[in-house]
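Asker: let me see the structure of the following:
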Amino acid sequence: MLSEDLHEIDFLILRAKEGKREALESLVRLVQRDVHSIAMRFLWHPQDAEDATQEILIRVITGLAGFKGESSFRTWVFRIASNTLLTLGKKRMEQSALTFEEFGDALATGLSVAPPLETHDISEELLIEEVKIGCTHALLMCLDREHRFAYILGEIMDLDHREGAEILAITPVAFRKRLSRAKSRIVSFMTSHCGLIEASNACQCRLRVGAAIDHGCIQPKELLFAQSLAQTKRFPEVLQAIRQLEETRRVAALYRSHPQAEPSDTFMLWLTQLLDEMPDLNSSTGQFSTFTS
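Answerer: Numbering: from 1, shown residues only. Next up, the predicted model:
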């Protein structure tokens, strides 16, 4: 999460408004990972997340001239992200999203003794990691958009109620209620079904790999989430620590344990080109208003 010194951020904002291109670039690169992370959790599919992140960052750039500092820069950026994501047309995962009841029924079927690794030239650990992240992200789709965003902010990103309320333009009381409802549904479901949260539950990631491949939920040659074998090998130790927490805290800890989702090379090329194609703000004709709507 964004953790730069607040004075440094204020300085970058001031310099960007003065027309300093390097400062604007620093601000954009400072927030792009957090924005992408929110979009990934909200939309599930990496391509949809990258498309949304592009739109959000463009809005940040074009709106920076109007940023008055009445909230923190992070809050302002996250508010732009919320306004963008909450008003998007339905993306691919939302179009096929299940209710909690339907999701539970799906998890109760298709368990296998072991994943069919003999037909796939890929590490078992990576396939299990793909199931773990893909499944827990998909569970968020059971929440409506407002409750999903509140859960991402309040539980996964661990923002306080005041900042969460400011981002969503609701009262702190309303945010707490929205977060409480979302948390109750997610925790109740995971405690009852997920073998990561309760070891005695039938649904184990390793046993879901075969069904996930058969149903096309996992493409072994094109994994969406599992990228680091080293990360997967560390997870058993992380899981042991998660299971030692109080029951209500385990689910959020599991989500927070997910590796930071990294944008694709294509996205990073787009971002570089966007910044490169900006007018020279240090020239006598370059004005920051060039980027305002």
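Asker: residue boundaries of the helices in this structure?
Answerer: Secondary structure of the chain by DSSP state H: the helices cover 6-17, 21-43, 46-63, 73-86, 92-95, 100-107, 124-140, 145-151, 161-168, 172-193, 205-214, 229-243, 247-257, 265-276.
Asker: the ones you listed: which one's closest to Ala199?
Answerer: helix 229-243 (7.0 Å; C-beta to C-beta). Where you see a C-beta, it was placed from the backbone N, CA and C, and this is true even at glycine.
Asker: who are the packing partners of that closest one?
Answerer: helix 124-140, helix 247-257 (3 or more C-beta pairs under 8 Å, 6 or more residues apart in numbering; DSSP states H and E).
Asker: need the helices of the chain in CSV (columns: mean neighbour count and distance to Ala199).
Answerer: Compiled in CSV, the helices of the chain are given as follows (neighbours: other C-beta atoms under 10 Å; distance: least, C-beta to C-beta, whole Å):
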stretch, mean neighbour count, distance to Ala199
helix 6-17, 15, 43
helix 21-43, 21, 25
helix 46-63, 19, 30
helix 73-86, 21, 34
helix 92-95, 14, 28
helix 100-107, 15, 15
helix 124-140, 21, 14
helix 145-151, 22, 24
helix 161-168, 20, 32
helix 172-193, 17, 12
helix 205-214, 20, 12
helix 229-243, 14, 7
helix 247-257, 18, 11
helix 265-276, 13, 37
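Asker: hang on, the earlier thing: distance to Asp34 added to the helices and strands packed on helix 229-243, as TSV?
Answerer: Shown next, in TSV, are those (distance: least, C-beta to C-beta, whole Å):
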stretch	distance to Asp34
helix 124-140	17
helix 247-257	14
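Asker: what's the closest of those helices to Phe267?
Answerer: Of these, nearest to Phe267 by C-beta to C-beta is helix 124-140, at 18.1 Å.
Asker: which residue, other than its chain neighbours, is closest to Cys142?
Answerer: Distance criterion C-beta to C-beta, 6 or more residues apart in numbering; nearest residue to Cys142, sequence neighbours excluded, is Phe100 at 4.8 Å.
Asker: again but with Leu271, I slipped
Answerer: Nearest to Leu271 is Gln32, by C-beta to C-beta, 6+ apart, at 6.6 Å.
Asker: how much space between that neighbour and Ala150?
Answerer: Relative to Ala150, Gln32 is positioned 23 Å away (C-beta to C-beta, to the nearest Å).
Asker: contacting residues around Ile269?
Answerer: You called it Ile, but residue 269 is Leu. Contact analysis of Leu269 by C-beta atoms under 8 Å, 6 or more residues apart in numbering lists nothing.
Asker: change it to 10 Å
Answerer: The neighbourhood of Leu269, defined by C-beta atoms under 10 Å, 6 or more residues apart in numbering, consists of Pro263.
Asker: in TSV, list the helices and strands packed on helix 229-243 along with mean pLDDT.
Answerer: Below are the helices and strands packed on helix 229-243 laid out as TSV (pLDDT from 0 to 100):
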stretch	mean pLDDT
helix 124-140	95
helix 247-257	95
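Asker: which of these sits closest to Ala230?
Answerer: Using C-beta to C-beta, the helices and strands packed on helix 229-243 put helix 124-140 closest to Ala230, at 9.8 Å.
Asker: chain center to the closest one, what's the gap?
Answerer: 14 Å (C-alpha atoms, centre = their mean, to the nearest Å).
Asker: need the CA coordinates for it. CSV is fine.
Answerer: Listed next in CSV are the C-alpha coordinates belonging to helix 124-140 (Å, rounded to 0.1, in the frame of the first residue of the first chain):
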residue,chain,number,x,y,z
GLU,A,124,1.6,-29.1,-8.4
GLU,A,125,2.3,-26.2,-6.0
LEU,A,126,1.5,-23.6,-8.7
LEU,A,127,-1.8,-25.3,-9.7
ILE,A,128,-2.8,-25.4,-6.0
GLU,A,129,-1.9,-21.7,-5.7
GLU,A,130,-4.0,-20.9,-8.7
VAL,A,131,-7.0,-22.6,-7.2
LYS,A,132,-6.4,-20.9,-3.8
ILE,A,133,-6.3,-17.4,-5.2
GLY,A,134,-8.8,-17.8,-8.0
CYS,A,135,-11.4,-19.4,-5.6
THR,A,136,-11.0,-16.8,-2.8
HIS,A,137,-11.2,-14.0,-5.3
ALA,A,138,-14.3,-15.6,-6.9
LEU,A,139,-16.0,-15.8,-3.5
LEU,A,140,-15.9,-12.0,-3.4
